[in-house]
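1. Starting from these lines, generate the structure:
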Amino acid sequence: AELGGGGYDRESGALPASTRVVTISGGDAGGLLARLADPEDSASLWAGAGGQLCVQFTDSDTYPVGPLSVPAGGRLELRSQRWQRPLLCPAASEVDARWRIRLWQGATLVLDGLAVQGGLTLAGSALGGDDASPAVTGVQVVIRHSTLVPGGSLLPSGLPAAPDSPSIAAEVPSRTARRM
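-> Numbering: from 1, shown residues only. All right, here's what the predicted structure looks like:
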């Protein structure tokens with residue numbers, strides 16, 4: 001079986017019937033991916049999606065990605081078509097060259113058939129967001145047929161640029177930081 005970022009013949013899982021599917025190509029010149037940052041924004045791709053959204057990449061281009069948020073109980077699938085392997089990399093504006101993803105209570109994120117440069121920083125947001133309910137539960141992250149580039153990026157030699165850098169990090173707010 002083939003492994004890693006999806007430039008081969010592979011089957012993606014079936015989507016729930018109510019899923020809104022948006023296709024994207026050409027490196028996202030239209031800025032569709034930026035519309036995933038705030039589910040409450042009226043211009044968000046989430047508007048009218050009923051909490052079920054799939055963004056399907058139709059080519060193997062490079063896509064700059066910024067902060068992303070999956071609303072409470074929502075499901076977001078980012079996937080490539082068969083035989084494609086798009087590269088998602090943090091936008092130049094990302095401070096630490098990592099892709100920041102906020103998952104609200106009960107949210108699901110699926111990455112399927114992608115190559116991801118820079119690593120992922122996952123943060124949770126509890127409903128209400130107060131000190132009484134700091135835990136986020138029921139969150140799922142599924143990574144299928146995808147490659148998280150080791151060390152964030154590769155040197156010309158092919159070695160990881162930052163070999164000690166984790167591909168996935170969880171951001172856990174401290175009680176002190178939350179009170180300020």
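2. Please report phi then psi for the closest residue to Q140 other than its chain neighbours.
-> The spatial neighbour of Q140 that comes closest, neighbours along the chain excluded (C-beta to C-beta, 6 or more residues apart in numbering), is T108 at 4.4 Å. (Glycine included, C-beta is placed from N, CA and C.) Note on T108: its backbone torsions stand at phi -130, psi 130 [degrees, to the nearest 10].
3. who's T108 bridged to?
-> R75, Q140 (DSSP bridges).
4. Just to check, it is in contact with L78?
-> No. Assessed by C-beta atoms under 8 Å, T108 is found out of contact with L78, at 11.7 Å.
5. sorry, back to before: what's the burial count for the residue nearest to Q140?
-> For T108, the neighbour count with other C-beta atoms under 10 Å is 18.
6. what's it in contact with, if anything?
-> Taking C-beta atoms under 8 Å, 6 or more residues apart in numbering, we find T108 in contact with 70, 74-76, 139-142.
7. Looking at those residues, spot the one nearest S18.
-> Nearest to S18, judged by C-beta to C-beta, of the contacts of T108 is R75 at 9.7 Å.
8. now the closest one: how far from S157?
-> 39 Å (C-beta to C-beta, to the nearest Å).
9. What of L33?
-> Applying C-beta to C-beta, the value for L33 to S157 is 30 Å.
10. G50 and S18 touch, don't they?
-> Yes. With contact defined as C-beta under 8 Å, G50 reaches S18; the gap is 5.6 Å.
11. L36 reaches L45, doesn't it?
-> Yes. Between L36 and L45 a contact is recorded at 5.7 Å, counting by C-beta under 8 Å.
12. neighbour-wise, which of the two wins?
-> Neighbours were counted for L36 and for L45 using other C-beta under 10 Å; L36 has more, 23 against 20.
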